[in-house]
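Novice: Fold the following.
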Amino acid sequence: MEVTNPFLHSFLEGSSKSFVIPVYQRDYAWTRNNCQKLWDDLVEMKIKNRPNHFLGTLVTISSGYDEYTVIDGQQRLTTSSLLLLALHNFLKDKGIKNEDENILSQQVLDYLINKYSTDKEQKIRLKPNKQDKEYFNSLFEDKKSELVNSNIINNYNFFYEKISSGIISPREVFEMFKKIKVVSIYLLRGQDDPQLIFESLNSTGVDLNAGDLIRNYILMDFEPSKQENLYKNYWVKIENNTGDTAEFVRNYLTYKTKLFIKRDNVYDTFKKFSNDSFDKNKELILEDLLYFSLLFSYLVQINSHPNQIINNQFSKFRKFEFTVAQPYLLDLLNDLEKEIVNTQTVIDVTAIIESYAFRKLIVDNTTQGLNRFFTTLAKEIKKEINWQHDYSNILNYILLERRGPSRFPSDTEFESSLLNKEIYLLKSKNTNYLLESLENYNSAYPINLEELTIEHIMPQKLNEVWKNRLGINFEEIHKKYLHTLGNLSLTSRNSQLSNNSFEEKQKIDFQNSRLKLNLNLEGLENWNEESIILRAKNLAREAIKIWKYPVSSFTKTINEEQVYDLSSEDSFRGMKPFKLYFDSESKAVEVKSWANLLKEVCKYLYSISPTSFNELYKGLEFKRYFNDDKEALVRPVEFITSKFVECNLSSNDIVAFLSKICERMGIPPENISFSIHSNSDQ
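Specialist: Below you'll find the predicted structure:
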């Protein structure tokens with residue numbers, strides 16, 4: 001094995017060299033987003049006069065005279081070749097060239113072909129696998145297909161467009177390319193095992209997480225003494241405030257960008273954000289991170305908020321692990337810190353958010369799907385006039401306007417779930433939190449319930465005494481009510497109570513219990529279906545008082561467009577879209593119908609990664625939605641030449657279908673949004 005650190009152009013030099021992508025390698029998979037990052041790095045090298053850019057590792061092994069099999073790094077090598085090919089073809093297509101451009105065109109071509117070879121198959125030095133080879137080779141022909149059927153063609157077009165834009169000149173593109181460095185690992189056939197090397201490079205061992213990468217990114221460029229100073233005065237404090245630094249940064253970025261950020265995208269998003277928002281001033285970034293890390297520490301209860309009521313509210317969120325609202329709560333706490341809103345507003349807001357979240361947990365068993373809502377909630381509130389002075393009223397209005405799965409569960413829904421659901425079988429943290437809240441509601445002396453356990457008044461295993469007391473329908477009653485709220489309480493004597501009779505349980509615990517949950521149990525003569533239902537209704541009434549349904553006197557004075565995204569579970573029946581937004585583009589695309597929206601989103605997703613989209617297009621999962629033959633579809637819409645998608649779908653089905661396509665392609669559906677008019681009657 002030989003390991004070197006050459007510039008990429010040195011690695012490629014040698015007119016007789018060729019590089020073979022073996023058939024077992026996956027198809028070329030880099031998307032326009034990957035190419036955009038590489039292009040941005042080239043432009044930055046020019047602007048900042050950086051000496052080099054590290055692209056990654058290339059692992060090769062000789063497969064004949066000057067022929068090398070690429071074990072690892074095909075994505076980097078293919079992308080670099082596409083950049084060079086786009087540069088060469090741009091110069092070739094240019095009508096009038098000066099002498100330097102003629103020389104440059106030939107210099108670039110030398111990295112792509114063996115000009116001395118007479119064999120067309122051997123002339124092109126990079127040999128991709130499978131169908132990628134056909135697409136790659138076609139780019140050397142004068143006549144190219146207009147169809148963009150692969151990431152090869154798509155990314156070539158991307159680089160051609162960027163070079164054509166003139167942001168940096170062709171000569172500067174080439175000079176920046178010559179600054180790209182790689183780590184080259186050359187394996188010796190018969191001595192090194194390529195599979196073992198590949199497995200080691202792509203192992204599932206302990207990798208650096210996003211927090212580690214961000215720390216290194218911020219500190220690495222400084223001298224050791226400066227690194228030590230920044231690490232001690234900023235980074236250590238950030239880590240101490242947050243616990244999980246990567247999760248903090250994810251929430252920080254979601255709050256800052258108003259886009260939902262997945263954990264896998266935290267590092268790349270942070271780099272772009274720091275460049276766009278702070279011009280890579282690392283100390284300013286650290287100052288901002290430190291400030292928000294303290295706010296985040298209140299949410300995760302590493303530090304206590306100075307206001308006890310607010311701190312207790314965050315403690316409640318932590319108890320039932322309600323985390324999806326954290327980006328929104330960072331915004332709220334920042335407004336409080338800047339004295340834009342007052343303490344009472346924060347108390348009111350967190351109380352209603354708790355009611356919303358906990359009602360959804362009881363009614364729907366989940367708060368998933370609310371990521372996007374809380375990502376943009378602060379932005380939605382702040383669109384209103386005088387929002388600072390009417391904050392909680394506006395919030396209540398927005399919550400009351402939610403429809404479908406993201407609606408605020410009504411008193412009727414909440415009560416029905418509390419009466420009929422098997423509350424004990426929910427996640428234990430939710431059941432415990434429900435019983436704890438019922439016990440301590442309006443109590444002058446709240447009880448510490450840490451040492452108490454949940455007690456089934458009618459036991460989980462019935463003995464003969466219980467069967468006789470419950471009557472002939474004991475099995476039905478036991479099955480229906482065992483785990484419901486009416487049959488649950490708290491005790492410190494669970495093992496003593498066991499499956500004793502109701503009278504015995506009264507003597508052992510209920511008659512002497514200091515718990516409010518047990519007060520009404522001591523005077524009962526029997527425990528049966530009627531008793532369970534009555535107790536459940538009483539507790540449900542208490543729960544409705546604790547987790548209140550919102551009221552609002554706010555009314556919109558103007559009709560505005562409302563923005564949703566593809567993860568939305570709202571109903572769009574009777575509405576029409578107005579504008580379409582892609583996260584990589586600031587300009588909105590106007591759409592006049594759901595069919596138009598379907599077409600534009602498919603077109604956009606295809607442009608990101610034709611290869612990935614084609615796999616879905618031809619796959620079984622979406623067979624009924626896609627076809628090359630428009631006659632095979634009921635209402636075909638052509639989104640690119642000769643490719644059709646089924647449009648005989650409702651508005652809700654179109655949103656759900658596009659959301660699923662995004663997820664299959666690894667693209668957050670939250671990042672594609674659309675607007676409708678709030679007064680739409682179309």
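
Novice: what bits of this structure have low per-residue confidence?
Specialist: Scanning the chain for pLDDT under 70 picks out 64, 142-148, 195, 198-208, 557-561, 584-586, 677-682.

Novice: Mind naming the longest strand for it?
Specialist: In the chain, with assignment by DSSP state E, the single longest strand is strand 53-64.

Novice: ok, it: who's next to it in the sheet?
Specialist: Using DSSP bridges, the strands paired with strand 53-64 are strand 67-72 (antiparallel), strand 180-187 (parallel).

Novice: how far does that strand sit from the chain's center?
Specialist: When C-alpha coordinates are averaged (Cα atoms, centre = their mean, to the nearest Å), strand 53-64 and its chain have centres 32 Å apart.

Novice: Could you list the buried residues of that strand?
Specialist: By neighbour count, with 16 or more other Cβ atoms under 10 Å as the criterion, the buried positions of strand 53-64 are His53, Leu55, Leu58, Val59, Thr60, Ile61. Every C-beta, even on glycine, is put in place using the N, C-alpha and C of the backbone.

Novice: Distance to Glu99 and mean neighbour count added to the strands paired with strand 53-64, as a markdown table?
Specialist: As requested, the strands paired with strand 53-64 are exported to a markdown table (distance: least, Cβ to Cβ, whole Å; neighbours: other Cβ atoms under 10 Å):
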| stretch | distance to Glu99 | mean neighbour count |
| --- | --- | --- |
| strand 67-72 | 34 | 20 |
| strand 180-187 | 26 | 19 |
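
Novice: Indicate which one of those strands is closest to Leu497.
Specialist: Taking Cβ to Cβ as the criterion, strand 67-72 is the member of the strands paired with strand 53-64 that comes nearest to Leu497, at 62.8 Å.

Novice: hmm, who's touching the closest one?
Specialist: Residues outside strand 67-72 that contact it (Cβ atoms under 8 Å, 6 or more residues apart in numbering): 17-22, 25, 57-63, 77, 185, 187, 194, 197-198, 201-202.

Novice: What of stretch 424-433?
Specialist: Stretch 424-433 is touched from outside by 316, 319-321, 358, 361-362, 365, 423, 449, 454, 456, 482-484, 488, with contacts defined as Cβ under 8 Å, 6+ apart.

Novice: Can you tell me which of those is closest to Leu219?
Specialist: The shortest distance between Leu219 and any of the contacts of stretch 424-433, using Cβ to Cβ, involves Glu321 and amounts to 32.3 Å.

Novice: Name the nearest residue to that closest one, ignoring sequence neighbours.
Specialist: Counting by Cβ to Cβ, 6 or more residues apart in numbering, Lys429 is the residue found nearest to Glu321 once chain neighbours are left out, at 6.1 Å.

Novice: and the host helix or strand of the one you found, which residues are buried?
Specialist: Element membership for Lys429 (DSSP states H and E) is helix 428-440. Residues Asn430, Thr431, Asn432, Tyr433, Leu434, Leu435, Glu436, Ser437, Leu438, Glu439, Asn440 are the ones in helix 428-440 that count as buried (16+ other Cβ under 10 Å).

Novice: Now distance to Ser651 too, for those, in CSV please.
Specialist: Output for the buried residues of helix 428-440, formatted as CSV (distance: Cβ to Cβ, whole Å):
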residue, distance to Ser651
Asn430, 33
Thr431, 38
Asn432, 41
Tyr433, 37
Leu434, 37
Leu435, 42
Glu436, 42
Ser437, 39
Leu438, 41
Glu439, 46
Asn440, 45
